[in-house]
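Show me how the following folds:
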Amino acid sequence: MASKGDPVSQIFSFQDPKYSPDPIFELPAPCLTPTPAPIVIDNGSFQTRAGWAAPAADFDSPRLLFRSVAARSRGASRSETQIGNDIPNLEPLRWLLKSQFDRNVVVNFEIQELIFDYVFTHLGITSEGSVAHPVVLTEAPCNPLHCRQMMSELLFECYRVPYVSYGVDSLYSFYHNNVQRNLQPPHTGIILSSGYHCSHILPVINGRLDAANCKRVNVAGSQAASYLQRLLQLKYPGHLAAITLSRAEELLHEHSYTAVDYHEELEKWRSPEFYEQEVHRMQLPFSGKVPGGCVSVEERQERRAQQLRRLQEINARRREEKLLQDQERLDRLMAVQELLEDGLLDQFHKSLVELNMDSAEELQSYINKLQQAVEQGRQKLLHSDGAEGKMEGDGVPLMDADFPEDTLPEKPANVVQPVFNLAEYHQLFVGTERLRCPEVLFQPSLTGEDQMGLMETLQYVLARYTPEQQEALVSNVFLTGGNMQYPGMKQRVERELLAMRPFQSHFKVTLASRPALDSWYGARTWALEHPLAGGGATADGWISKQDYEEKGGDYLSEHWASNVFIPMKITKPAPARPTEPSVPSLTSSVASTAVTTVTPALTPSFSSHPDALTASL
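Numbers count the residues shown, from 1 in each chain. Prediction:
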C-alpha cells in the first residue's frame, strides 16, 4: 500500500523494441526422412508464423515469427527490399512499407512471393527452383476464388511444391482448443475472431463452416491503434513526432483493457482518486540538458562568432555564384554586340530574337547594367576578403552592418531560474484511452464507422437459425485472434450474451489458450493427423499438382478447417452469326439455357468478393 507522500500513479517506459534479423536455420534431418515434412505457414495480416509439422518435440513451436511487411527505401527503385525482422525499425520516413494484404485478403502477390522467399530461405531450404515439402497455408474466411487461384499458381508454378492445403486460421484455432478441452467431434459452435484488419463471426455446425451466414466487421486492431494515436496526438500536440504508430500499438497491447460495462467504467474515471490510481504515465525519451539554461558569456560569444562565420561563408559563396552568372551573361551579350560591329547583321538580328530583345539600344542598356553589377560584385568580394582578416582582440571577427550585434542585456548570474520538471513534461498520461480504444470493437461509431459492432453482428447471425440451433451455437462461443487478448474481453462478451439471450438460457464462452498463435498450432495438428498417402494418392484436404492442372487454380480440397468450395464456372454464350433466320433463334435459346444454368451457381456471392461478408442488415 503506497503512503500518502508517494505518487500513486505508475510510470512506465516505452520498450521501443529493435528487431534483429532471423537466423537461417539448417534443414533438420527428421524433416527429410522418411518423407518430406510439411511446412506450416500461418499467413496473418499482422504477423507471419512458419515452422515444421514434424512429430519431434523440437518442432512443436514456430521457427519464424515476423511482421508481414516489406520495406524499400524511398526514391531508390533498385534498392534491396527488406522483409519482416530484417527491418530494425518501421518508423523512419525513409521506408516505403508495403503488405501483401488488402484488409484480410492477399492481393499483392509480389510481396507475397518475397514473404515466401524469406520463409523458405530461413527454414533452410536450399534446393534450386523447387520446394520439395508440402505446404499448409492459412487463408481468410470465404476467400475469393481469384485470390486462391493466384496463390496456387504462385506455389505450384513458381516454387513447384508437391502438395498444398488451405485452411481458415480461426477454424484451426477452434478445433485445436476443442481437442485440448477433450470435446468429441463433430464440433458445433460460433467463433468470434478479431485480428489486425478485420473481425469475423463464423458459425460452425456439425464440424463444418456455415459459409452462407459468415459475417465480417471491418474494425480490428489496426483501427484501434490508429484511434489511440489520434487521441494522444490531439491531447499532446507538442509530442506529435514522439507518438508513433508503433508506440500506439505497444500501448494497446500492454496497457489497454476491455470494460465489462463501458459507461459505468467511464463514471469511475471521473473520480480523482480512481484516476490517480489507474492512470498510466508513459515516459518519453528526452535529453536532460535544458537548451540555454546555464550558458556562460564566453560560450555565447563563441556561438555567436561561429554563427557569424557560417553566415559570412554562405554570403561569400552566394556572391561568387552571382558574379559568375553575371559574367557569363555579359560575355554572351558582348559576343552578340561584336556581330554588329563586324557587320554580320543577319546573325545579329537572329541573336537578338533568341535573347528576346528588339534593338541594339536595348542590348547596349543590358550590357551597361551587367557591367555595373559585375563591378559591384567584385568590390563586395574584395571587401569581404579584407574583412575576414580583421579580428578583434578576443578573436571575434568584426560584425558587418547587415548583422548588428545583439544588444540585449545579459541576465545576471544570481537570478533564480524557475524550476521546470523536464521529465514530467515528456510524460503521456494515458487514462480513459486505455478502455476507449478497445471499445471500437463493440462500438465502431467511435471512429466514424457506419456498421454494426461485434456483438450486434453476433445477434444478427444467431437470428438466422432456429432456437435449437442457437442453443447449440452459444454453448460453445469461442474467442480467438490477436485482438482478443485484452483483459476483460471474455467477461464483456459474457455480459453482452446475458443481455442478448432469453431468460435462463445457457451459454459458454471460451478464450483461446494462445489467441495469436493457436492458428499455427492447429494447422500443425491437422498436418500431423492427415499425412500424405503413398503411391501417388492424394489424402483428403491436400491439393496435388495434378489436381491444380486438371481442376483449376481455384480448386479447394475441403476438410473440417477449410472454406467451402463453390466453383464459379460461367459459360459464355456463342456469338450470333447473321447467316440464316433460324440460327439467331437457336443461338438465343442456347444463351438463355446457359444463363438459366449459371444463375444458381451465382447465388452464394460471398465466395466471389470479400465485401459481401460485411455485416449489414
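
Flag the shaky bits of this structure, pLDDT-wise.
Across the chain, residues meeting the criterion (pLDDT under 70) sit at 1-9, 76-78, 288-296, 384-420, 534-538, 569-617.

Please parse this protein into its domains.
29-183+518-551, 221-286+428-514, 301-381 (the TED database).

In a markdown table: these, plus distance to Leu202.
Placement of C-beta: from N, CA and C, glycine included. Converted to a markdown table, the domains of the chain look like this (distance: least, CB to CB, whole Å):
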| stretch | distance to Leu202 |
| --- | --- |
| domain 29-183+518-551 | 6 |
| domain 221-286+428-514 | 9 |
| domain 301-381 | 65 |
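
could you dump the ones you listed to a markdown table with mean neighbour count and distance to Asp22?
Conversion of the domains of the chain to a markdown table gives the following (neighbours: other CB atoms under 10 Å; distance: least, CB to CB, whole Å):
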| stretch | mean neighbour count | distance to Asp22 |
| --- | --- | --- |
| domain 29-183+518-551 | 18 | 5 |
| domain 221-286+428-514 | 17 | 19 |
| domain 301-381 | 13 | 46 |
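
Please name whichever of those is nearest to Pro203.
Smallest distance to Pro203 across those (CB to CB): 5.9 Å, for domain 221-286+428-514.

returning to that earlier point: so which of the domains of the chain is nearest Ser562?
For Ser562, the closest of the domains of the chain is domain 29-183+518-551, at 5.0 Å, according to CB to CB.

Show me how far that closest one is from its chain's centre.
19 Å (CA atoms, centre = their mean, to the nearest Å).

Then stretch 171-191?
31 Å.

May I have it as CSV, with CA atoms only?
Presented in CSV, the C-alpha positions along stretch 171-191 are these (Å, rounded to 0.1, in the frame of the first residue of the first chain):
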residue,chain,number,x,y,z
LEU,A,171,-11.1,-22.8,-37.6
TYR,A,172,-7.6,-24.3,-36.9
SER,A,173,-7.6,-22.4,-33.6
PHE,A,174,-11.1,-23.6,-32.8
TYR,A,175,-10.5,-27.2,-33.3
HIS,A,176,-7.1,-27.1,-31.6
ASN,A,177,-8.7,-25.8,-28.4
ASN,A,178,-11.6,-28.2,-28.7
VAL,A,179,-9.2,-31.1,-28.8
GLN,A,180,-7.4,-29.7,-25.7
ARG,A,181,-10.7,-29.4,-23.9
ASN,A,182,-11.5,-33.1,-24.8
LEU,A,183,-14.6,-32.3,-26.8
GLN,A,184,-15.7,-35.0,-29.1
PRO,A,185,-16.1,-34.2,-32.8
PRO,A,186,-18.1,-33.1,-34.8
HIS,A,187,-17.9,-29.7,-33.1
THR,A,188,-20.6,-27.1,-33.1
GLY,A,189,-20.1,-23.5,-32.0
ILE,A,190,-19.7,-20.0,-33.1
ILE,A,191,-16.3,-18.3,-33.5
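
Show residues contacting that stretch.
138, 170, 193, 200-209, 458, 461-462, 472-478, 480, 510, 512-513, 515, 518-523, 525-526, 560-562 (CB atoms under 8 Å, 6 or more residues apart in numbering).

what about Arg317, distance to Leu330?
To Leu330, Arg317 is 21 Å away according to CB to CB, to the nearest Å.

now swap in Arg181 and tell me
For Arg181, the distance to Leu330 equals 92 Å [CB to CB].

Mind checking what secondary structure Leu137 has?
Following DSSP: H, G, I helix; E, B strand; the rest coil, Leu137 is assigned to strand.

contacting residues around the residue nearest to it when sequence neighbours are not counted?
Distances taken as CB to CB, 6 or more residues apart in numbering put Ile41 closest to Leu137, at 5.2 Å, once the chain neighbours are dropped. Ile41 makes contact with Thr48, Arg49, Ala50, Val119, Val135, Val136, Leu137, Thr138, according to CB under 8 Å, 6+ apart.

The strand or helix carrying Ile41 pairs with which strands, parallel or anti?
Here Ile41, judged by DSSP states H and E, is contained in strand 39-43. Here strand 39-43 has these sheet partners by DSSP bridges: strand 47-52 (antiparallel), strand 135-139 (parallel).

looking at those, which is closest to Ala220?
strand 47-52 (13.4 Å).

what ranges do the helices span in the stretch 451-600 of the chain?
454-462, 467-474, 489-500, 518-529, 545-551, 582-598 (DSSP state H, counting those that start in this stretch).

who touches the third one?
Going back to what we said before, that points to helix 489-500. 192, 258-261, 438, 442, 455, 458-459, 462, 474, 477, 479, 507, 509, 511.

quick one, that helix and helix 467-474 angle?
Interaxial angle of helix 489-500 relative to helix 467-474 (axes from the mean of the first three to the mean of the last three CA atoms, to 10 degrees): 170 degrees.

can you state the direction angle for helix 489-500 and helix 454-462?
50 degrees.

Restricting to C-alpha, output helix 489-500 in CSV.
Presented in CSV, the C-alpha positions along helix 489-500 are these (Å, rounded to 0.1, in the frame of the first residue of the first chain):
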residue,chain,number,x,y,z
MET,A,489,-12.7,-9.4,-23.1
LYS,A,490,-14.3,-12.7,-22.1
GLN,A,491,-16.3,-11.1,-19.3
ARG,A,492,-17.5,-8.4,-21.7
VAL,A,493,-18.7,-11.0,-24.2
GLU,A,494,-20.5,-13.0,-21.4
ARG,A,495,-22.2,-9.8,-20.2
GLU,A,496,-23.4,-8.9,-23.7
LEU,A,497,-24.6,-12.5,-24.3
LEU,A,498,-26.5,-12.5,-21.0
ALA,A,499,-28.4,-9.4,-22.1
MET,A,500,-28.9,-10.8,-25.6
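
Give the other helices and strands that the helix or strand hosting His383 contacts.
For His383, the host element (DSSP H and E) is helix 360-388. Applying 3 or more CB pairs under 8 Å, 6 or more residues apart in numbering; DSSP states H and E, one finds that helix 360-388 makes contact with helix 297-341, helix 345-354.

okay, those helices in TSV with distance to Gln376 next?
Below are the helices and strands packed on helix 360-388 laid out as TSV (distance: least, CB to CB, whole Å):
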stretch	distance to Gln376
helix 297-341	9
helix 345-354	27
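
Those helices: which one's closest to Phe14?
helix 297-341 (33.0 Å).

Kindly calculate the angle that that closest one makes with helix 360-388.
150 degrees.
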